[in-house]
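>>> For reference, the sequence and a predicted model appear below.
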Amino acid sequence: MLPQCYNVAISCEALVRIPLLGSNHHRQQYRPCPSIGPRRLMMGSNYESNGIWRHPCPMNMNVVTSSRSSCPINAVVLGEALASEESELVFPSKDFSGQAMVASLEKYLEMYKRSIEDPAGFWSDIASQFYWKEKWGKQVYSENLDVRKGDIKIEWFKGGITNICYNCLDRNVETGNGDKIAIYWEGNEPGSDGSLTYSQLLQKVCQLANYLKDVGVKKGDAVVVYLPMLMELPITMLACARIGAIHSVVFAGFSSESLAQRIMDCKPKAVITCNAVKRGPKVIYLKGIVDTALAESAKSGISIDVCLTYENQSAMMRGETKWQEGRDIWWQDVVPKYPTTCEVEWVDAEDPLFLLYTSGSTGKPKGVLHTTGGYMVYTATTFKYAFDYKPSDVYWCTADCGWITGHSYVTYGPMLNGATVIVFEGAPSYPDPGRCWDIVDKYKVTLFYTAPTLVRSLMRAGDEYVTRYSRKSLRVLGSVGEPINPSAWRWFFNVVGDSRCPISDTWWQTETGGFMITPLPGAWPQKPGSATFPFFGVQPAIVDEKGLKLEGECSGYLCVKSSWPGAFRTLYGDHERYETTYFKPFPGYYFSGDGCSRDKDGYYWLTGRVDDVINVRYHSYLPWAAYSKMKLSIWDFVFITNKFPVIRTCGSGHRIGTAEVESALVSHPQCSEAAVVGVEHEVKGQGIYAFVTLADGVPYSEELRKSLVVTVRKQIGAFAAPDKIHWAPGLPKTRSGKIMRRILRKIASRQLDELGDTSTLADPSVVDQLIALSDS
Ligand code: WTA
């Protein structure tokens, strides 16, 4: 089965004629459209007259003429001109394509074709470049993605015996790269830094691995890791992998309740944390959060014997740290005493590597389980091609290792390629919004991978924070986490990348392990805001609400046909939920939960979640919030308030189920009901908007509003705090009691003329009440 992009009749070298376009649509922010299917997508205000959801104006990419200079073209060649609002296509420069691993669409199509027609041959050729103690069996992969044919099962390289830590470290040392820098660590405060070569990293990993073995952690045991972006975080992940233990990293921004929930679910042999971390100017006492979580889980009968704690002196000295003798151990007191070599635990390709909890559309987070061999091959390969990786590159991904991006593209993918990686502890806008570019210049970063939310917040801070740094080293930029709106794309491209650097807008998920739809820089022209084409081995299918596969230009639900090596294998302890959530909605396919459209050139455009999941991108930005409300220029603001609008933001983003926030809200004694929806947010992409019904007789008050927000922060984490609490005397419900979120979404986004039919509600008058309370 050939992908839609076989229809593409373009070549980077060919001249493309594009009609001059009106460009209002480029300036639109994308409108999040959770919980609505393709029909609704097409009824939104971004619906174009040509019938395509959020797709740029019509263009004829098949008109190819003979010479680039002879026609009114508004395509752009990287490095030759600035991408303007009128440009639809951004071509890689000849220089870039000339050195790229995949230098043309033809080359991509040839490789893609083989990956689909002969997945076993394609992936085993790549897998052979890694170290396997024993080769996999005759069958390279086996799969069933069709619930109608039995249990869902995905296996790659089964019977192959390997170790991902060995492939990340020992293999690179043995091939002569022991002295190459593996990690540059940049601390929160400018000037605090460190580095480790591949040999040094291997030694540190071995010491921790020996310690873990000594305290009884064995192959198959879980280890919960609650660490910020210190070098000790990737060290811990690799040490677990070395001894066959399953790491479960919990983002160190989750609350003690969320941490306890995860500890109780996977029952780890040990918990690894640090005493505190500084984020911007603020100290966060992580050990206190862990103590509370451990006390909580002990109440449910899950007691943890070992809590290894790293003393993070830049944030807090050990004397000030609360301590439980017997259970708590200082990392620095024990780990350095262990030998710097440690035998590898060889594991089957299908043995579990890690668990990572992610939000679903019910209250309970899902433990996404990835196994070893396929994940290893897939993350390494996607990293290499999507960033056009060269051994001389210095790579920086701003994501935290607490999310999948930090697993696949801070730790495993880059290190499997022997890359030099930056691990950044701080906040990207501390001490000012130029920090990222300061780091880029300091380490001569060539590949910079981040999230649209960070791009947007830095864009708002002004170009001068960017242009005061050279950024000459940059080669390729990357984006992940949500659709990047064309204006942010253009700013990233023009201002940050000086119109030289292609942007890899990578679409993927915790579940997919690695990139699924992504540009290969140098291979084809980009369209700002489109993730472009599928990666090797990935067969996207856009289906309608009946599960019918749509062809050509269309909008619908994004599914994937057939497995790929990096796919998750199950939800920990709940294979049934795995099947129900991902494989039952559209039998025969993996369902991503995202809406998507495909234009007539075969380019894919992601339109956001279609389930009750919000893509929250965590920010804290004060007095930025005050600044943005005052509608003043930065300098007027500084003049009037004598304060500089600092944006503190954590570039990593993640998902949160509306049900999780709702269940936190209703745990408040004065809240009787809550309904949460996602709304468009200028900086964050999506904001959290909560409709709250109070218990009988409880009056609305500012204090109560704050206390509800605190409850959510406490139960889930600061990133899940609602941006808006809307008092709701009642919620719009059908006669069967189902909340009509469609209406709530419209009220939240003030699209009051698009409320649609409200006559089926049990009590239509609640809608007017809600509208009346909109600004209260
Ligand atoms: C969204 C993050 C548009 C999407 C790696 C997906 C994107 C969810 C993109 C997964 C992109 C991620 N364009 N949307 N380039 N990348 N998404 O599991 O809605 O934290 O389903 O993994 O983020 O989020 P997760």
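Perfect, thanks for sending it. These numbers were taken from a predicted model, which means no experiment stands behind them. Numbering: from 1, shown residues only.

>>> Residue numbers of the stretch 401-550 of the chain in contact with the ligand?
Contacts of the stretch 401-550 of the chain with the ligand, taken as CB under 6 Å from any ligand atom, map to 403-405, 479-483, 505-510, 531. From N, CA and C alone the C-beta is placed, and that goes for glycine too.

>>> Filter those down to just the ones in helices.
If you go by DSSP state H, those have 404, 405 in helices.

>>> Identify, from the residues of the stretch 401-550 of the chain next to the ligand, the entry nearest to residue 367.
Distance to residue 367, by CB to CB, is smallest for residue 510 among these, at 10.5 Å.

>>> what's near enough to touch that closest one?
356, 358, 368, 403, 404, 568, 655 (CB atoms under 8 Å, 6 or more residues apart in numbering).

>>> Closest one to residue 258 out of those, please.
Nearest to residue 258 among the contacts of residue 510, with distances taken as CB to CB, is residue 358, at 12.0 Å.

>>> Tell me the spacing between the closest one and residue 589.
Between residue 358 and residue 589 the distance is 20 Å, computed by CB to CB, to the nearest Å.

>>> So which of those two has more stuff around it?
Comparing residue 358 with residue 589 by other CB atoms under 10 Å, the one with more neighbours is residue 589, at 23 against 20.

>>> Do I have it right that that one meets residue 563?
No - checked against CB atoms under 8 Å, the pair residue 589 and residue 563 is beyond contact range at 11.0 Å.

>>> Where does the prediction get shaky in the stretch 51-200 of the chain?
Regions of the stretch 51-200 of the chain meeting the criterion pLDDT under 70 cover residues 51-87.

>>> hang on, I meant the chain
1-87, 360-363, 616-654, 735-737.

>>> Stretch 714-724: which residues count as buried?
Using 16 or more other CB atoms under 10 Å as the test for burial, stretch 714-724 gives 714, 715, 716, 717, 718, 719, 720, 721, 722.

>>> Just send these back as TSV, with secondary structure too.
Below are the buried residues of stretch 714-724 laid out as TSV (DSSP: H, G, I helix; E, B strand; the rest coil):
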residue	secondary structure
714	helix
715	helix
716	coil
717	strand
718	helix
719	helix
720	helix
721	coil
722	coil
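
>>> Quick check: which of the residues you listed are also close to the ligand?
Within the buried residues of stretch 714-724, nothing lies near the ligand by CB under 6 Å from any ligand atom.

>>> would you list the residues you listed in CSV and tack on distance to residue 276?
Below are those laid out as CSV (distance: CB to CB, whole Å):
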residue, distance to residue 276
714, 18
715, 21
716, 21
717, 16
718, 16
719, 19
720, 22
721, 21
722, 27
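
>>> List the contacts of the residue of the stretch 251-400 of the chain found nearest the ligand.
Per CB to the nearest ligand atom, residue 358 is where the stretch 251-400 of the chain lies closest to the ligand, at 5.4 Å. By CB under 8 Å, 6+ apart, the residues touching residue 358 are 365, 366, 368, 404, 510, 511, 654, 655.

>>> Name the nearest residue to residue 690, ignoring sequence neighbours.
Excluding the flanking residues, the one nearest residue 690 by CB to CB, 6 or more residues apart in numbering is residue 722, at 4.1 Å.

>>> how many other residues sit next to the closest residue to the ligand within the stretch 551-700 of the chain?
The stretch 551-700 of the chain approaches the ligand most closely through residue 606 (3.5 Å), counting by CB to the nearest ligand atom. By other CB under 10 Å, the residues close to residue 606 number 22.

>>> Quick check, the residue nearest to residue 690 in contact with residue 711.
No - contact criterion CB under 8 Å: residue 722 and residue 711 do not qualify, at 10.1 Å.

>>> any common contacting residues for those two?
Common neighbours of residue 722 and residue 711 (CB under 8 Å, 6+ apart) are residue 665.

>>> quick check, nearest of the contacts of residue 358 to residue 262?
residue 365 (7.2 Å).

>>> Thought residue 356 was touching that closest one, still the case?
No - with contact defined as CB under 8 Å, residue 365 does not reach residue 356; the gap is 9.7 Å.

>>> With neighbour numbers in mind, choose between these two.
Between residue 365 and residue 356, counting by other CB under 10 Å, residue 356 is the more crowded of the two (27 against 22).

>>> can I assume that one sits in a strand?
Yes - under three-state DSSP, residue 356 sits within a strand.

>>> Please give the element, helix or strand, for the nearest residue to it once chain neighbours are set aside.
Leaving aside its sequence neighbours, residue 356 sits nearest to residue 368 (CB to CB, 6+ apart; 5.1 Å). Element membership of residue 368 [criterion: DSSP states H and E] is strand 366-371.
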